[in-house]
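Student: structure here, sequence nowhere to be found:
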């Protein structure tokens, strides 16, 4: 084979490689934009449902698409297309309304038109107490938290933590959720800055429908808090194997 033929073959091979790489990048971009996006949990506000070090997939299609579904924060349109409202009890990733760049993950508690209030640590929705049943205790960084099961009016049930029986947000005014907005709360009730705290005080406030990014679906990886994910040699002891593929 001549030198010219070898160069031509190398050029063709490089072109095919570049084509495959570009196609893979486009496919990954489409999947991330329209289907699933990975997120990791950096704080304990959703314990014990989600732990620091959990990595999960969020479905982008669950509620339709808004400008926050697009990569790099491209503002190509307002509102939502193929919109489908969340269900009470969904665990949702959303853009923080007061800066629209920070991702938060909380549970949908209040729907548009609902009245939400906390009284002595008990959640009230439309003036009716949400059942709260003691389950057990949960060890959280040396503290022993009481764990309860709440059941929403639509039957969705989940666990919440209560460390302080008279916590800062255990007694609140009545919040009336505006149209096209949602009221979000963390499952770790005494360690969650959520819709109980107004934006002017550093909280979340009501979350516009447009700000929803997607619904948390499944944990695909989990590593103990403080352990680096890149330390593969420590995985046998640092990975929480029992949490992998856990549906949220």
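Tutor: Noted; the coordinates are in hand. Keep in mind it's a predicted model, so treat the numbers as computed, not measured.

Student: and the helices in this protein?
Tutor: Under the criterion DSSP state H, the chain contains helices at 3-30, 235-238.

Student: in stretch 211-219, what counts as buried?
Tutor: 211-216, 219 (16 or more other CB atoms under 10 Å). C-beta: built from backbone N, CA, C; applies to glycine.

Student: ok, now stretch 93-106?
Tutor: Neighbour counts over stretch 93-106 (16+ other CB under 10 Å) mark 93-97, 104-106 as buried.

Student: same question for stretch 41-54.
Tutor: 41, 44-54.

Student: next one: stretch 226-244
Tutor: Buried, per 16+ other CB under 10 Å, within stretch 226-244: 238-240, 243.

Student: pull up the pairing partners for the longest strand along the chain, direction included.
Tutor: Identified as the longest strand of the chain according to DSSP state E is strand 212-222. Paired with strand 212-222 in the same sheet, following DSSP bridges, are strand 54-59 (antiparallel), strand 91-95 (antiparallel), strand 246-247 (antiparallel).

Student: for residue 229, which of those is the nearest?
Tutor: With CB to CB as the criterion, residue 229 lies closest to strand 54-59 of those, at 8.2 Å.

Student: what's in contact with the closest one?
Tutor: 35-41, 50, 93, 213-222, 240, 243, 248 (CB atoms under 8 Å, 6 or more residues apart in numbering).

Student: likewise stretch 161-180?
Tutor: Applying CB under 8 Å, 6+ apart, the external contacts of stretch 161-180 come out as 47-48, 110-121, 138, 140, 143, 145-148, 183, 187-192, 195-197, 206, 208-210.

Student: report the buried members of the residues you listed.
Tutor: Neighbour counting with 16+ other CB under 10 Å marks 47-48, 110-111, 114, 116-118, 121, 138, 140, 145-148, 183, 187-192, 195-197, 206, 208-210 as buried within the contacts of stretch 161-180.

Student: count of residues packed around the closest residue in space to residue 57 that isn't next to it in sequence?
Tutor: Nearest non-adjacent residue to residue 57, counting by CB to CB, 6 or more residues apart in numbering: residue 36, 4.6 Å away. By other CB atoms under 10 Å, the residues close to residue 36 number 17.
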